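**Student:** got a predicted model here, sequence first, then my questions.
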Amino acid sequence: MPLQTRIAPNAATQRTPALPADTQMLTLAGDYGNAFFESHPYTGEFSQYLFNYWQYADVYASWHGMPTEGVPVDYYDPNLDWKEKWFEFGAVNLPNPGYTNAAHANGVRSLGCVFFSPNDRGDQAYTELLQRDADGTFPAAAKLIEVATYYGFDGYFINQEDAVAPADIPAYKKFLEQLRDGGLYVQWYDSIDNSTGRISYQNEFNPVNGPFVRDNAQGDVSDSIFLNYWWNKTKLTRSKAYAKGLGLDPRRSVFAGVEAGMYQFDQPYDLDDNLDTDGAPMNGIATLGADFVSSDYAKKTDDTAQSAVFDRERRWWTGSSQGATTPEGNWKGISKYIAERSVIKGSTFATSFNTGHGLSTWRDGKLSGDAEWGNINLQDIPVTWQWWIDAARSPLEADFDYGPEYTPADRFSYQKIGAYNGGSSLALSGTLDSDNTVRLYKTDLSVEPASTLDLTYTKPSADDDSQLRLALVLASDPDKVVQVPLSGTGKRTSGWTTVSADLSKYAGERIASLGLVVAAGAQPIKNYQVNVGALALHDGVDRTPATPKKLRIDQLLPGSDELFLSWQRSDYDTVRRYDVYLDDTYLGGIYDDVYYVKRFTATSGKLRLVAVGPDGTRSKPATVSFDLSTAPAEVTAKAAPDGTLEATWAPKQTGEPVTVVVRALDTSHPYTKEVTVPGKRSSVTLTGVPVNGDKYLLTVRTAGGTATGVRGAFADADISPYPRSAVKVAGNTFTFSRPTLPDWHTLTVLEDGQPKSFATTYGSGSKPYIVRGRTTRAAMTVTMSSPNSQVVAVLEDYAGNKTTTVLRS
């Protein structure tokens, strides 16, 4: 999804008009969670935490981290403390692709993270990044640029919490410059002394850390800096002055750090100290670990307790768990310091109030899937204000309604209905005793001569004399709320109803804010409830997307109930997302050209792909049919160390020949082999297949039938010896470098047959070998007991293969 452009600031429509709109905010938070089920862009879990306050962020960065590629899943024990995970976490963390899509949809940059720390990253060292090609450029920087371009994110947060040799500092800055020259955004953490290279948290922007942003000799090195957390008003005032002295905008280049995860709502540092005498922020703001609202909640995976997560998140970002104007406790909320932003512009807009997860799925008010789900790719542009409801007397209460299975907060008693489209709708409930102006979206929408605005709602409460009205704030008169009545909306409905408002009288105007007025009747109305299921602005132009092209089943794996689909993606200007159905049952959606279904148990049917336009219109579906009754069943595959792979299946009684194809899934090691056997055969043994441990896909099909398959891994019988050149020997002292073998696990060093001992991170004791990710870098320098001893290195990979290198005989 491309990074969207935000609309120009409009102070008159801000919740706090005096708040400067140019103060930047970075949120550095976990997007993969602390449980393996969250290590995906989308899941089958309603309780998957999904960020809902993009309107207050300018930069999002992923924190950190994930196991290095190839770590066996069974090495992970979720019951152990994270310091007891005996495997390697990667120094480079890529942002969750689903989060990148959601960030871009809201005009927010998405960053990966590069993190070096003696404890947290073991023997991984920044010096690996600084290796140069003959032309002086950094191949690691080129690869990081390539990775960001491929995955579509925008840059990196560099967290160098390991001392840097003074002689390496100029090269490190050149490395950062190469990232920026490659079109990436770079934020540096306040951790390194520019002169000594030692760890030195300045907690302000000054000459000690300033050269990592703008260097007098080298020029601009990075775009901004995340200040460590122990600041005060004096330090932040000096930070502003130093940035201005360098010609930098402190609100865009200097970010006052907040340790959200550690201190949560009891912060020892007050962001009011970042305000000048006029009450305006002096510097930008950055937070670490704002996902604590879910990750540090004992019931984080309990579907019935998610309303508490929603309240905690709302409190963090707005100051109040209920959206009130008065903060709860000392924490005042990010919205006190950061003005809300928006990307809603043009002449069309559509929302179904989807937050990105649900306990069921509805289409046009009808249940289309009863499985829970979490998919931030499906998140609509969040409501700008949670909540801004103006009422002379008792304001209605607002909540997202996820349907009959949802457990709202105790303060709510509304009838649970669910969504019109997607997983949630907006419920407004309570005693209606005065007009309620519900401000929903900050916008810059143009009104055309044929513009109409459709409101889809259901009103389960009794007939009354209330009325729903559109609440438009026009840019030409931002102090006035223009009310557009929607007739008949006081009556109880038997389901979802759509009413349309003609906006032609406002042609030529621009809508700066879009919301609703719930107009009261002559007497107070108790137990009032209305659910808003959709809003859609149309401009009279038919923007229905074309039918998607090239829909195909890439992998259908009945044995593991998995399905992989692909198609040709259209531009984001014409298609906002693709929805996938099995017949009429909703399977999921995304803006991408691939989709994965984790639990697919159907044996026949028609897969349908629908493109959804920017105004909510839907294309005609592309379809592809499948029928497992025509396919070989019970497909299995087993690879052996001798380079053979045995495939078996239950043949159909058609007598048609069976084609078996095995294909390596690692494109860096391409391999494909195809054989055709008689139709009565139920097995075949392929020879000469790789023995490198790569993953493969094996498919079996008859002519004209549905192909089914199974995924697996080739046997791993390959291992390369540890090279003698990887060891630096000075007299009787040996310094070991990290093995370059991709799947190495341990390196045992034997002196006269006895293993040397190596200290591990977090003071977790010593091991009789170097263990990937957990041996300290200092421990990798060893002095032997005798200058005449034999020294041997035994390298072992995850599969248990071993190889021996004699380093000294």
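**Tutor:** In hand now; what should we look at?

**Student:** state the distance from the closest residue to residue 465 other than its chain neighbours to residue 490.
**Tutor:** With Cβ to Cβ, 6 or more residues apart in numbering as the criterion, residue 465 has its nearest non-adjacent residue at 3.5 Å, and that residue is residue 521. In this view, the C-beta of every residue, glycine as well, is placed from N, C-alpha and C. Note on residue 521: its distance to residue 490, by Cβ to Cβ, to the nearest Å, is 7 Å.

**Student:** neighbour count: these two, which is higher?
**Tutor:** Neighbours per residue (other Cβ atoms under 10 Å) separate residue 521 from residue 490, with residue 490 holding more: 21 against 14.

**Student:** is it true that the more buried one touches residue 465?
**Tutor:** Yes - Residue 490 is within contact range of residue 465, at 5.6 Å (criterion: Cβ atoms under 8 Å).

**Student:** any common contacting residues for the two?
**Tutor:** residue 521 (Cβ atoms under 8 Å, 6 or more residues apart in numbering).

**Student:** quick one on the thing from earlier: which neighbours do residue 521 and residue 490 share?
**Tutor:** Common neighbours of residue 521 and residue 490 (Cβ under 8 Å, 6+ apart) are 464-466.

**Student:** what subset of those residues is buried?
**Tutor:** 464, 466 (16 or more other Cβ atoms under 10 Å).

**Student:** which ones among the shared contacts of residue 521 and residue 490 lie within strands?
**Tutor:** Residues of these located in strands (DSSP state E): none.

**Student:** just put the shared contacts of residue 521 and residue 490 in a markdown table and tack on distance to residue 124.
**Tutor:** Shown next, in a markdown table, are the shared contacts of residue 521 and residue 490 (distance: Cβ to Cβ, whole Å):
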| residue | distance to residue 124 |
| --- | --- |
| 464 | 65 |
| 465 | 68 |
| 466 | 62 |
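
**Student:** tell me the one among the shared contacts of residue 521 and residue 490 nearest to residue 10.
**Tutor:** residue 466 (30.2 Å; Cβ to Cβ).

**Student:** how far away is that closest one from residue 432?
**Tutor:** 6 Å.

**Student:** list the residues that contact both of those two?
**Tutor:** 518, 520-521, 525, 528.

**Student:** and the longest strand for this protein?
**Tutor:** Every strand in the chain considered (DSSP E), the longest is strand 525-538.

**Student:** mind listing what that strand pairs with, with the direction of each?
**Tutor:** Strand 525-538 pairs in its sheet with strand 349-351 (antiparallel), strand 425-432 (antiparallel), strand 452-458 (antiparallel), by DSSP bridges.

**Student:** next structured bit after the second one?
**Tutor:** Think strand 425-432. strand 436-446 (DSSP states H and E).

**Student:** so what does that following strand touch, helix or strand wise?
**Tutor:** If contacts are counted by 3 or more Cβ pairs under 8 Å, 6 or more residues apart in numbering; DSSP states H and E, strand 436-446 sits against strand 345-346, strand 349-351, strand 388-391, strand 467-474, strand 510-519.

**Student:** wait, residue 677 sits on residue 661?
**Tutor:** No - using Cβ under 8 Å, residue 677 is not in contact with residue 661, being 12.0 Å away.

**Student:** buried set for stretch 39-59?
**Tutor:** So for stretch 39-59, counting by 16+ other Cβ under 10 Å, buried means 40-59.

**Student:** what about it, start to end distance?
**Tutor:** 21 Å (Cα to Cα, to the nearest Å).

**Student:** what's the answer for stretch 730-746, then?
**Tutor:** End-to-end for stretch 730-746, by Cα to Cα: 23 Å.

**Student:** hmm, who's touching it?
**Tutor:** 69-70, 123-124, 693, 716, 719-720, 722, 726-729, 747, 749, 769-772, 780-784, 786-787, 791, 793, 795-799, 807.

**Student:** for the most centrally placed residue in the chain, which non-adjacent residue is closest in space?
**Tutor:** For the chain, the residue nearest the mean C-alpha position is residue 99 (2.5 Å; Cα atoms, centre = their mean). Excluding the flanking residues, the one nearest residue 99 by Cβ to Cβ, 6+ apart is residue 31, at 4.4 Å.

**Student:** any low-confidence regions in this structure?
**Tutor:** Scanning the chain for pLDDT under 70 picks out the ranges 33-38, 653-654.

**Student:** contacting residues for the nearest residue in space to residue 118 that is not next to it in sequence?
**Tutor:** Nearest non-adjacent residue to residue 118, counting by Cβ to Cβ, 6+ apart: residue 162, 5.6 Å away. Contact analysis of residue 162 by Cβ under 8 Å, 6+ apart lists 116-118, 121, 125-126, 199.

**Student:** mind checking the SS state of residue 162?
**Tutor:** Using DSSP: H, G, I helix; E, B strand; the rest coil, the secondary structure recorded for residue 162 is coil.

**Student:** check which helix or strand covers the residue lying closest to residue 212 once chain neighbours are set aside.
**Tutor:** Distance criterion Cβ to Cβ, 6+ apart; nearest residue to residue 212, sequence neighbours excluded, is residue 188 at 4.6 Å. For residue 188, the enclosing helix or strand under DSSP H and E is strand 185-189.

**Student:** show me what that strand is packed against.
**Tutor:** Against strand 185-189 (3+ Cβ pairs under 8 Å, 6+ apart) you get strand 59-62, strand 109-116, strand 155-160, helix 169-181, strand 224-227.

**Student:** closest one to residue 310 among those?
**Tutor:** strand 59-62 (19.2 Å).

**Student:** the next helix-or-strand element following that closest one pairs with which strands?
**Tutor:** Using DSSP H and E, the next helix or strand after strand 59-62 towards the C-terminus is strand 92-93. Under the criterion DSSP bridges, strand 92-93 sits next to strand 109-116 (antiparallel) in its sheet.

**Student:** want to throw the shared contacts of residue 466 and residue 432 into TSV with distance to residue 283?
**Tutor:** As requested, the shared contacts of residue 466 and residue 432 are arranged in TSV below (distance: Cβ to Cβ, whole Å):
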residue	distance to residue 283
518	40
520	45
521	50
525	48
528	45
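
**Student:** mind checking which of these are buried?
**Tutor:** For those, buried by 16+ other Cβ under 10 Å: 518, 520, 525, 528.
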